[in-house]
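> the sequence and its predicted three-dimensional model are supplied below.
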Amino acid sequence: MSNSWFRFKRFRIEQGGSAMKVGTDGVLLGAWSRIVPEQSRLLDIGTGTGLIALMMAQRREICDAESGFRVEALEIDEASAVQARENVEASPWADAVRVIPESLQHFTARYAGPGYDHIVSNPPYFVDSLRCPDPARSAARHADTLPFHELIDCVSRLLAPEGIFSVILPPGGMECLMALASERGLSLWRRTVVVPAPGLPVKRVLAEFGKKMEGCPVENVLAISTPDRSDFSEEYKMLTRDFYLKF
């Protein structure tokens, strides 16, 4: 059974009431996404426990603690939104992060503000697979409530002209998302394929998109562990060391 909480270096995530628990995907995306001082408006789509939103707030603060910034975190599942709000309120960034209990589609339809400088998402990705008996967890894992084409349509509307969209998906899902992004004028800027250890098949793909063309995308491989699986790789430790207690 998963713990009801997960402790990071600067904040704690309570997860007993959330449909999705703390996992490697969320930590990877929160640590990998490119956060720079110029980003003042950030959006986390499908925040779950609030993990990625809090990671973004921590990294944005480190970039330039004197500058104001705002992270808005969307969550369609009511119980998860309540849990995320509690985690935010207990964190050092309670004034900078706002949890919004709403679907991305409804939020986008009514949104009239300026574009977001950075949008991140660890979206549901199962399309044809067995359903979990827990409806909330099933909704969090299956793409029925947020199909890829609707995700890309909303992101293209919400993203600022110079903004960044960062996302993590399994390889097959990322291929589909990349094709949709290209059709809607979002160019691939950066991509990292994630493998459990060197030489093993790709399990996840991290990708960064933007509205402007930037030539050939930067691409690399990230191994989570060493070749013999005895320890985490130095690259993974470096990427996540500001968050995990063990690093």
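Ah, there it is.
> CA only for contacts and neighbour counts going forward, please
Fine.
> ok, residues contacting the strand or helix carrying Gly26?
Using DSSP states H and E, Gly26 sits in helix 24-32. With Cα atoms under 8 Å, 6 or more residues apart in numbering as the test, helix 24-32 has contacts from 51-53, 55-56, 120, 122, 166-168, 204, 206, 239-240.
> what of stretch 168-186?
For stretch 168-186, the surrounding residues in contact (Cα under 8 Å, 6+ apart) are 25, 29, 121-123, 125, 148-149, 152-153, 156, 187-188, 202-207, 209-212.
> report the distance from it to the chain centre.
The chain centroid and the centroid of stretch 168-186 are separated by 15 Å, computed with Cα atoms, centre = their mean, to the nearest Å.
> for it, C-alpha coordinates in CSV please.
C-alpha atoms of stretch 168-186 as CSV (Å, rounded to 0.1, in the frame of the first residue of the first chain):
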residue,chain,number,x,y,z
ILE,A,168,5.6,13.5,-20.1
LEU,A,169,4.1,10.4,-21.8
PRO,A,170,4.9,6.8,-22.8
PRO,A,171,6.5,6.5,-26.2
GLY,A,172,3.3,5.7,-28.2
GLY,A,173,1.3,8.4,-26.6
MET,A,174,4.1,10.9,-27.2
GLU,A,175,4.2,10.0,-30.9
CYS,A,176,0.5,10.8,-31.1
LEU,A,177,0.8,14.0,-29.2
MET,A,178,3.7,15.2,-31.3
ALA,A,179,1.7,14.7,-34.5
LEU,A,180,-1.2,16.7,-33.1
ALA,A,181,1.1,19.4,-31.8
SER,A,182,2.7,19.8,-35.2
GLU,A,183,-0.8,20.1,-36.8
ARG,A,184,-1.7,22.9,-34.4
GLY,A,185,1.5,24.9,-34.9
LEU,A,186,3.4,23.8,-31.8
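> buried stuff in it?
The neighbour-count check on stretch 168-186 (16 or more other Cα atoms under 10 Å) flags 168-171, 173-174, 177-178, 180-181, 186 as buried.
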